[in-house]
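S.K.: My questions concern the predicted model and sequence given below.
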Amino acid sequence: MNELTAKKPRRSSDEAMLARREEILETATELFADHGFSDAVTQVLADRLQVGKGTIYRHFASKQALFLAAADRVMRKLQEQVNANIADINDGLERIERGIATFLSFFAEHPSFVELLIQERAHFKDRKRPTYFEHREINIERWRQFYRDLIADGRVRDMPVEQITNVVSNVLYGIMVTNFFNGQPKPSDIQAREILDVIFLGILTESEREHRGVGGCQRHNTVPGERDAATVAE
């Protein structure tokens with residue numbers, strides 16, 4: 001048996017382990033969403049998977065580890081979906097619009113994922129940073145670079161990109177939760193365009209913007225509170 005032949009069974013075994021782990025996480029997500037973290041029973045999960053409890057504990061040391069891994073999977077799958085949907089887009093603003101629409105549609109199609117993230121905040125308050133925000137911090141720099149490029153191209157006004165991404169991401173998080181509890185009133189692509197319309201174009205007319213001194217370089221002439229409100233509107 002040569003070296004290449006010897007490695008094949010191990011690769012096959014690794015793939016089987018990864019597939020089993022994914023199956024466990026997918027089923028566990030549904031279980032936690034249906035019953036909550038406290039009431040979800042590991043034996044019920046094993047029964048749904050038609051495996052012994054030992055199989056689950058070979059992959060996850062505890063129910064808490066399983067839950068947090070399921071929450072992490074949610075955010076990884078979101079990032080994979082966003083990456084796939086913006087991969088063929090070169091224009092920065094179009095990338096942002098597609099990313100926002102993907103974010104909204106992803107959670108609209110998987111309400112159990114939202115449920116999981118909400119439960120994490122309720123059951124693991126001692127965590128320094130919840131999974132959602134941990135992943136947001138990891139991935140947000142790319143979006144900030146998009147805005148830097150747009151500012152350099154003269155398409156977005158010169159302002160701190162951290163302020164832009166913080167406002168946009170907070171709006172998206174709020175809409176995700178609102179859609180979950182109240183139902184999504186409009187398709188994700190329409191919601192995305194409305195977000196961009198309000199945040200990017202603002203709600204003030206050009207004459208009102210000039211009157212309040214928030215157009216162009218004059219934006220620094222407003223009083224602090226007025227300037228902050230105008231910045232969010234823009």
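M.R.: Structure received. All values reported here derive from a predicted model rather than from experimental measurement.
S.K.: so where's the protein uncertain?
M.R.: 1-11, 214-234 (pLDDT under 70).
S.K.: Now do the lengthiest helix in it: which elements does it pack against?
M.R.: In the chain, with assignment by DSSP state H, the single longest helix is helix 3-39. Packing contacts for helix 3-39, counted by 3 or more CB pairs under 8 Å, 6 or more residues apart in numbering; DSSP states H and E, involve helix 42-49, helix 53-59, helix 63-86, helix 111-123. (C-beta placed from N, C-alpha, C; glycine too.)
S.K.: I'd like to know which of those helices is closest to Thr131.
M.R.: Taking CB to CB, helix 63-86 is the member of these nearest to Thr131, at 4.2 Å.
S.K.: After the closest one, which helix or strand is next?
M.R.: helix 92-109 (DSSP states H and E).
S.K.: Quick check: buried residues in that next one?
M.R.: When neighbours are counted by 16 or more other CB atoms under 10 Å, the buried residues of helix 92-109 are found to be 92-93, 95-108.
S.K.: Quick one: neighbours of Met159, just the number.
M.R.: For Met159, the neighbour count with other CB atoms under 10 Å is 13.
S.K.: related to what we said a few turns ago, now the helices and strands packed on helix 3-39 as JSON lines including distance to Asn166 and mean neighbour count?
M.R.: Converted to JSON lines, the helices and strands packed on helix 3-39 look like this (distance: least, CB to CB, whole Å; neighbours: other CB atoms under 10 Å):
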{"stretch": "helix 42-49", "distance to Asn166": "37", "mean neighbour count": "15"}
{"stretch": "helix 53-59", "distance to Asn166": "36", "mean neighbour count": "14"}
{"stretch": "helix 63-86", "distance to Asn166": "18", "mean neighbour count": "17"}
{"stretch": "helix 111-123", "distance to Asn166": "19", "mean neighbour count": "18"}
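S.K.: Between the ones you listed, which one is closest to Asp34.
M.R.: helix 111-123 (8.0 Å).
S.K.: ok, residues contacting the closest one?
M.R.: With CB atoms under 8 Å, 6 or more residues apart in numbering as the test, helix 111-123 has contacts from 29-30, 32-33, 36-38, 67-68, 70-71, 74, 77-78, 106-107, 127, 130-132, 176-177, 180.
S.K.: Over to stretch 175-191?
M.R.: With CB under 8 Å, 6+ apart as the test, stretch 175-191 has contacts from 101-105, 107-108, 111, 114-115, 118, 194-195.
S.K.: tell me the contacts of the residue nearest to Glu23 when sequence neighbours are not counted?
M.R.: Excluding the flanking residues, the one nearest Glu23 by CB to CB, 6 or more residues apart in numbering is Leu49, at 6.6 Å. If a contact means CB under 8 Å, 6+ apart, then Leu49 has 23-24, 27, 55-56 as its contacts.
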